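Student: Could you look at this predicted model? Sequence included:
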Amino acid sequence: MNDPTANLGDLGAVPEVKAKPVPGWTKALIFAFEIAFVTGLLVWWLTSSSLRESKSLWVLFLYCFPAEFIIATVPHEPVLLYFGKFYSPLTVALISVAGTVVTEILNYTVFKYLADLKVFRKMLERKAVQKTVNLFKKAPFAALWVAGFTPIPFYPFRFLVVIARYPIVKYILAVITSRGPRMYLLALAARAIQFPDYALVLLMAVLIAAANLPILRKVLKRGKRAE
C-alpha cells in the first residue's frame, strides 16, 4: 500500500524563479542618468557663488556626489573644514558619510556597467590587472579601510571591488568605518583651528591642481608624440 504522505515534500517545493535580466538599453539609460546627475550638481556648485558660500547641510550632502564620484573632480577636504566651523564634528561626519555612501553605491553600479562592456572585458583580462585583483583579494576589507582613512587615492579601489566581485554590502561597510572617522577628525580640526575662508579656497585650488596635473601631463605627452 502506497504511503499517502510520500509526495508531500514535492507538493511543498517552490519552483525556482529566475530573475529577468535587465535590458541593455535600461542599463545604459541608468548609467547616463547617473553621469548627468553628478555633472549637473558639479556645474551648479561651480557656477553658483551663493551655493558655495551656503552653510546649509543639504549643500554638504550634495557636494559629496561630485567630490566622491568615480575620479573626484573636486576635493572633499576643504568643504569639510568649512562646515566644521559651523556644526559639530559628529553632524558634519554623519551628513558627509550619508552622502558618500549614496555616491559609492552609484560608483559601484557605474563601474559594474563599464566592466560588463566588451571593450573593458578585454582590458580586465590583462595579466597586470589580474595580479592587482589577486593582491587585493588577499585582504580586501583592510585595503579599503586603509585607503578610505588615509590620503591614499581611493578611486582605484572603486574599480577593484567591482572587478574582484567584492560584495557591495562589505564595500559600503568599509567606506563607513574608514571615511566616518576621517571626516570626523577633519571636522574636529576645523572646529579647533577655525581656518579662514581664504586658506580653504587656496587649499582647494592646490588640491584640484595636484589631482589634475598628472592627467594634463599625460595629455601633453600624447600631443607631442602625435606631432
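Tutor: Received, thanks.

Student: show me the contacts for residue 171.
Tutor: 104, 108, 144, 161 (CB atoms under 8 Å, 6 or more residues apart in numbering). Where you see a C-beta, it was placed from the backbone N, CA and C, and this is true even at glycine.

Student: er, residue 200 actually
Tutor: 78, 81-82.

Student: go with 10 Å
Tutor: 77-82, 85, 190 (CB atoms under 10 Å, 6 or more residues apart in numbering).

Student: which among those residues gets closest to residue 26?
Tutor: Using CB to CB, residue 79 comes nearest to residue 26 of the contacts of residue 200, at 33.9 Å.

Student: Count the neighbours of residue 67 for me.
Tutor: 24 (other CB atoms under 10 Å).

Student: One more: residue 27?
Tutor: 16.

Student: ditto for residue 56
Tutor: Neighbour number of residue 56 under other CB under 10 Å is 10.

Student: From residue 138, how far out is it?
Tutor: Counting by CB to CB, to the nearest Å, the gap from residue 56 to residue 138 is 43 Å.

Student: out of the contacts of residue 171, which are buried?
Tutor: Using 16 or more other CB atoms under 10 Å as the burial test, the contacts of residue 171 include 104, 108, 144, 161 as buried.

Student: Now the two most distant members of those.
Tutor: 108 and 144 (12.3 Å).

Student: Between these two, which contacts overlap?
Tutor: 158, 161, 166, 171.

Student: what's the closest of these to residue 52?
Tutor: residue 158 (26.1 Å).

Student: How far does the helix or strand where the closest one lies sit from its chain's centre?
Tutor: Under the criterion of DSSP states H and E, residue 158 resides in helix 155-163. A distance of 9 Å separates the centroid of the chain from that of helix 155-163, by CA atoms, centre = their mean, to the nearest Å.

Student: That's all I had, so thanks and see you.
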